[in-house]
Structures are given as structure tokens and as C-alpha cells.
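1. Attaching a predicted model along with its sequence, questions to come.
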Amino acid sequence: MASRAVVPEQPRVRGEKPKNLQAEGGRNRRALGDIGNLVVAPIVEGKPLQTKIARPITRSFGAQLLANAQAAVEKNNGKKPLVEAGAVKAIPSKKEPVKSKNQRLVEISPDEDDVSNKNSGRKAKEGSSKKTGKTFTATLTARSKAAYGLPKEPITDIDAEDSNNELAVVEYVEDMYKFYKLAENDARVQDYMGSQPEINIKMRAILVDWLIEVHKKFELMPESLYLTINIVDRFLSVKKVSRKELQLVGISSMLIACKYEEIWAPEVNDFIAISDNAYVREQVLVMEKTILGELEWYLTVPTPYVFLVRYVKASTPADKEMENMTFFFAELGLMNYSTIVPYCHSMLAASAVYVARCTLNGTPVWTETLKHHTGYNEDELMECARLLVSFHSGVSENKLKAVARKYSNPERCAVAMFPPAKSLLPV
């Protein structure tokens, strides 16, 4: 590799403008001599040799200019030429070149080819004209970063009002719901319709619609309804049931749920009477024992109701209208096989809250508090939420009216009469 040769640059007369300023349409650019792209002849007898460059300095042309400069130096000082066979080589000399006060050294390093030399010269010109100050884009970027770093919406402490309520177990409630989220998959219902030869999705919807009417007739706790549906689905997922025994499974599941949740549970005769004496006492008791055996007495499960209570509380400010609207969508989800199977209970509950807020025009629709307590973003809930809105839109055409009648009552704020949030439906 050839080493770099040092050539003194031609001194510039004070007040004289460089000729290169005439290029580029008269724009204010630095002279080529300032960026190391101009080869100037050495000074001979105190007079600088004027070397006018009319073409780009390629490798061969740069070597030629350097050879001419070194020949002049050799002629005046009696030294050997430093250029051999077209290559630029520097021969070390004991004597160093004398530098004048108005001269500075310019290093010339031949490039690999002519094209790269042209490109490097162009980049050097462009780089010399850039300002060192901050650009407008940089200022906007800095401001955007500052705005992005602003604190987010604060998370509301939804348990602050219950700090003195011992039944609210404020100290343990967060840990309890973390456990519920972990345990909900154990009680999650798998797709079982393919294994049931005599039961289809429509029959299940009819059974759930009737159980909602029975639950309302007996004035039971809401926990009993959600546990009843969970027991029915879990049992059907592990045991084949004939069509004539499907209603028997329903009343036996509700009997088990009432014994688990209610203080005063309905008697067996009450369920026989509500089913129009379609079964006898022994059949109900046998089916009850069969269900408990298949489920291995596993009844302590986090149903959608467990999450609904917590998520409604996190939907601040919560009122009766918001609460009833949420339970309306949750029960619509219970009736439909397409929501109770694909989505876990916590997601169904969170989607019910989300659609309720959209229907009631809550602003914002999804808060940081809800995101914190549910663990879901809006995008994660959108698919299930659209299904719930479609169920709401088809309430008037659906022949199963138990949920619609229940939530059309003024005591429940008649939330079923509200127009559906069609903005969530795809166009």
C-alpha cells in the first residue's frame, strides 16, 4: 500500500475569495482547499506555482500532479524524484520540508478508483455545508420523547373505601384474584359438542334460557346461576347425555349449586314441580350423585361472576345502570356456546364490562385501572366484545327471551332496551 505524501498548500491572499465559490449557482460553500481536495504546487523562489485544476482528481491525475510537484522540489533542492512507475511513494528524508507561516500541509491519499474519488469529493462538499446546530426535526423528536415520557393515567385504588370493612378482605383481595386467574383454566370448558350424539348447540341454549327463568322464579343469588351453567358444561364435556335427560342434568346441577351458594336452597320437590313433574325424586338424586362423581366434587371454581364483581368495581365511577348492563352482556354470553367455550371466564367478564361502557358511552372506554385489574388490553377483548354486541343486536329476533325480559325490567334499569354499540361491529 502506498504511503501518504505531504504537500504544502498554496497560501491564500487575505480578502481574496476562492474561485470555487462561483460553483453551485453561487451558493456559499467552503473552498476545496479547506477540505483537502485541492493539490497545490509548491513555492518556487518565493512565488507559488499556479496549478489550475479543470477536472476531477483521479488516482492517475493525482499521481501526475504529485510527480510534477516533486520534480520541481528535486530541481531546486537536488533530491531524487519520489514518484516511481505511476505509484505514489514517500521516501523518508532526514531533512524535513520547511513550512512557511502562511502554509499548511495537505495530505493526498489516492483512492481505489476514479468513481470512489468522485463520490468522496462529493460527500466532503456536502458535509462541509452542514450546520452544527440542532435541526427542526431533531427539536420535534426531542419534544416527542418528552411527551411520551409523561406519566400515564393514575390507577385508582378501588379498595380504599373498604379499608375498614373486614368482609372485603382488602389485605388479601389482590392475591385472591391472582389465584383465580391461575385457577380458571382448571374449570374451563372444552369443546364437547362433537362428542354428544343427541345434543346440539341450540338445545344447550334452550336449557340455559330455561334455567335463567327458574333462577329468577326462585329468586336465587347470582352466584348460583353462574355455578349452575359451569356444572352443566363441565358434566356434558365428560359424559354423554341423551336428549330426554338434558333437563334432568339442568335441575340437578342447579340443586348442587344452590346447596353450595344459598343459605336456604330450594328442595328437590321444588325442582320437580318447576319441571312439570317430568322426573321423579329418585332420578334427581341419582343424577346429582352422578354429576358430583364425574366432577370429583370439584365445585370451588372461579366462575365469570367472580371476575364480574371485581371488574365492575374497577369500572369507576360504577352505578346501577353500568352494573346491570354488564350482567346483561355476561348472561348473553352464558347462553351462547360460541362465547362460553372459546373464551376464559375472566375474558368474558372483561368483555362484558368493555361492551357495557361502549353502550353507555363511557369515556374513556378502557381505563388504566381496568387494564390493571383485568390484565387485558382493548385489542385482546375486541373479538369477544363483537360477539356480545351481535347478540345484543339480535335480541328482538331471538326466540329465547329470558335474558331480554329479565333486563327489560325497570328495576334493572331496562338496559336491554338500550341501542347496541354497533360501532364495535366490523363494517
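-> Structure received.
2. can you give me the strands for the chain?
-> 5-8, 43-44, 47-48, 83-84, 87-88, 105-108 (DSSP state E).
3. What residues does residue 350 make contact with?
-> For residue 350, the contacting residues are 307, 311, 370, 374, 376, 381, by CB atoms under 8 Å, 6 or more residues apart in numbering. Bear in mind the C-beta positions are built from the backbone N, C-alpha and C, glycine included.
4. From what I see, the third one and residue 312 are in contact.
-> No: counting by CB atoms under 8 Å, residue 312 is not a contact partner of residue 370; they are 10.1 Å apart.
5. residues shared between the contacts of the two?
-> With CB under 8 Å, 6+ apart, residue 370 and residue 312 have common neighbours residue 353.
6. So which of the contacts of residue 350 belong to helices?
-> Those of these mapping onto helices are 307, 311, 370, 374, 381, per DSSP state H.
7. Show the contacting residues for residue 210.
-> With contact set as CB under 8 Å, 6+ apart, residue 210 has these partners: 247, 250, 402.
8. and the last one, how many neighbours?
-> Right, the one you point to is residue 402. The local packing of residue 402 (other CB atoms under 10 Å) involves 19 other residues.
9. That one contacts residue 212, doesn't it?
-> Yes: the pair residue 402 and residue 212 passes the contact test of CB under 8 Å, sitting 4.3 Å apart.
10. quick one: contacts for residue 176?
-> Counting by CB under 8 Å, 6+ apart, residue 176 touches residue 169.
11. again but with residue 288, I slipped
-> Shown in contact with residue 288 (CB under 8 Å, 6+ apart): 252, 255, 256.
12. Any chance of those in CSV with neighbour count as columns?
-> Compiled in CSV, these are given as follows (neighbours: other CB atoms under 10 Å):
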residue, neighbour count
252, 28
255, 23
256, 24
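13. Look up how far residue 392 lies from the closest residue in space to residue 390 that isn't next to it in sequence.
-> Nearest non-adjacent residue to residue 390, counting by CB to CB, 6 or more residues apart in numbering: residue 425, 6.7 Å away. To residue 392, residue 425 is 10 Å away according to CB to CB, to the nearest Å.
14. Same check on residue 355?
-> According to CB to CB, residue 355 and residue 392 sit 8 Å apart.
15. And residue 422, by the same measure?
-> Note on residue 422: its distance to residue 392, by CB to CB, is 9 Å.
16. In terms of packing, which of the two has more residues around it?
-> Ranked by neighbour count (other CB under 10 Å), residue 422 and residue 392 place residue 392 first, with 24 against 13.
17. Contacts only, for residue 156.
-> By CB under 8 Å, 6+ apart, the contact set of residue 156 is 314, 316, 367, 369.
18. How about the contacts made by the last one?
-> In other words, residue 369. 153, 155, 156, 158, 314, 316 are the contacts of residue 369 under CB under 8 Å, 6+ apart.
19. Flag every buried residue along stretch 206-224.
-> Residues of stretch 206-224 classed as buried by neighbour count (16 or more other CB atoms under 10 Å): 206-215, 218, 220-224.
20. Could you give the average pLDDT over that stretch?
-> Summarised as a single mean, pLDDT over stretch 206-224 is 96.
21. what's the answer for stretch 352-370, then?
-> 92.
22. Ends of it, what's the gap?
-> Criterion CA to CA, to the nearest Å; first-to-last residue distance in stretch 352-370 is 12 Å.
23. Ok, stretch 398-411 next?
-> Using CA to CA, the two ends of stretch 398-411 sit 23 Å apart.
24. What lies in contact with that stretch?
-> Counting by CB under 8 Å, 6+ apart, 205-206, 209-210, 212-213, 216, 324, 327-328, 331-332, 335, 395-396, 412, 414-417 sit against stretch 398-411.
25. Out of those residues, which sit inside helices?
-> Secondary structure from DSSP H places 205-206, 209-210, 212-213, 216, 324, 327-328, 331-332, 335 of the contacts of stretch 398-411 in helices.
26. Pick out the most distant pair among those residues.
-> For the ones in helices among the contacts of stretch 398-411, the maximum inter-member distance is 24.3 Å, found between 206 and 324 (CB to CB).
27. if we can go back for a sec, any quick ChimeraX command for the buried ones out of the contacts of residue 156?
-> In ChimeraX syntax, the buried subset of the contacts of residue 156 is picked out as below (16+ other CB under 10 Å):
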select :314,367,369
